[in-house]
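Trainee: any chance you can model this:
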Amino acid sequence: MKRLIFLIVFVVNMTLTTYAQNNGIQLYLYAPNQMENIPEASMGYLLNNLSSAVTADGLAAQNEYMTQFVLIPKVNVASKSIITNTQTQVLLNIDISLQVVDGMSGTIYASSTINVKGVGTNEAKAYNSAFRSINKQQQQIIVLVKTAKQKILSYYEVEAGNIIKKANLLAAKNNYEEAFYLLSMIPSQCSKFDASISAGLSLWEKYKNYSCNTNLAKAEVLWISGQDYNAAVNAGEYLSQILPDSECYGKVRQLYNEIKKKVGDLWKFEMKQYNTESELKKAKIQAFQAIGVAYGKGQQPKVIIKNSIF
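Mentor: Sure, this is the predicted structure:
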């Protein structure tokens, strides 16, 4: 039996999108101030290369904060030479210390040091040359990734049950975004992953009704205060976030019809079809994961560093 979900889409560049999260183990690339005077662009180059080097086999690293597990690099220039000939050449011999840390407790999960060398016509180019040589085939990177994955997965095996309980407690206080964030961080390699998905789907049913009432109330206030085109535009931003199988959707339709009579048909309806129950379930999973990911990215980094390379 086909399930139909109708989404109100406001025509002024308003769309409802879903984010298909990679449910592997996530690392946040965190680079505190370095002792070395590294050009900012070169530091960004280092982080990008580290991200590519450690992203493999169910582990991913990124510059956006959304996980408690952190990859921290520290750069130490072991030696620097300047050769003046027909063209000046800067030679750098660099040791890069790497640590994977639980940013909430400061516990070190894995560590390694890699040596890289670079040469360039100036210091920035020499740094870039050195950082370019970092890759996932290096033995130190392979061992670091393997060790970090094993220990982080062990953490989730022990703590996943508590994480699910905490998510349910947060949802009971209407803190759904944080609840979805916690559930979305449990990796698919964890034996409790299916339980986290089931918990997320259960909370999603409650969230959509809570969200419906909240967004409808905001839309009503905005519409009543103006009852003109601008008020309709502002109200539409909240109405577009309400799913049609929410309990208050009948009231949403009433408000929509009221706005339509006053200022005209500013909205169009788009239909999304889910031919199977599995497709519908997948859409719901993507929806609550997207909310969780957005919440995580909106948080300020909180990284505890103790007994570390800094």
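Trainee: is it true that residue 201 lies in a strand?
Mentor: No: going by DSSP: H, G, I helix; E, B strand; the rest coil, the assignment for residue 201 is helix, not a strand.
Trainee: which stretches of the protein have low pLDDT?
Mentor: Residues of the chain that meet the criterion pLDDT under 70 lie in 1-22, 57, 63-65, 266-275, 301, 304-310.
Trainee: just the helices from it, written as ranges.
Mentor: Taking DSSP state H to define them, one finds helices in the chain at 40-54, 123-132, 139-172, 176-184, 193-226, 229-239, 249-263, 277-297.
Trainee: now tabulate these in a markdown table and tack on distance to residue 34.
Mentor: Backbone N, C-alpha and C define where each C-beta goes, glycine included. A markdown table is the format used below for the helices of the chain (distance: least, C-beta to C-beta, whole Å):
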| stretch | distance to residue 34 |
| --- | --- |
| helix 40-54 | 7 |
| helix 123-132 | 11 |
| helix 139-172 | 19 |
| helix 176-184 | 30 |
| helix 193-226 | 37 |
| helix 229-239 | 42 |
| helix 249-263 | 52 |
| helix 277-297 | 25 |
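Trainee: mind checking which of those helices is nearest residue 112?
Mentor: Nearest to residue 112, of all these, is helix 139-172, at 4.4 Å by C-beta to C-beta.
Trainee: so the closest one versus helix 193-226, what angle?
Mentor: Here helix 139-172 runs at an angle of 60 degrees relative to helix 193-226 (axes from the mean of the first three to the mean of the last three C-alpha atoms, to 10 degrees).
Trainee: can you offset everything so residue one is 54?
Mentor: Let's use 54 as the start, then, which means that last one is helix 192-225.
Trainee: helix 192-225 packs against which elements?
Mentor: If contacts are counted by 3 or more C-beta pairs under 8 Å, 6 or more residues apart in numbering; DSSP states H and E, helix 192-225 sits against strand 78-82, helix 93-107, strand 112-115, strand 122-136, strand 142-155, strand 161-173, helix 229-237, helix 246-279.
Trainee: tell me the angle of that helix relative to helix 330-350?
Mentor: Using the same axes, to 10 degrees, the direction of helix 192-225 lies 100 degrees away from that of helix 330-350.
Trainee: still on that earlier bit, the helices of the chain: which one's closest to residue 159?
Mentor: Taking C-beta to C-beta, helix 192-225 is the member of the helices of the chain nearest to residue 159, at 13.7 Å.
Trainee: give me the neighbour count for the closest residue in space to residue 241 that isn't next to it in sequence.
Mentor: Nearest residue to residue 241 in three dimensions, chain neighbours excluded: residue 76, at 4.0 Å (C-beta to C-beta, 6 or more residues apart in numbering). Other residues within reach of residue 76, judged by other C-beta atoms under 10 Å, total 19.
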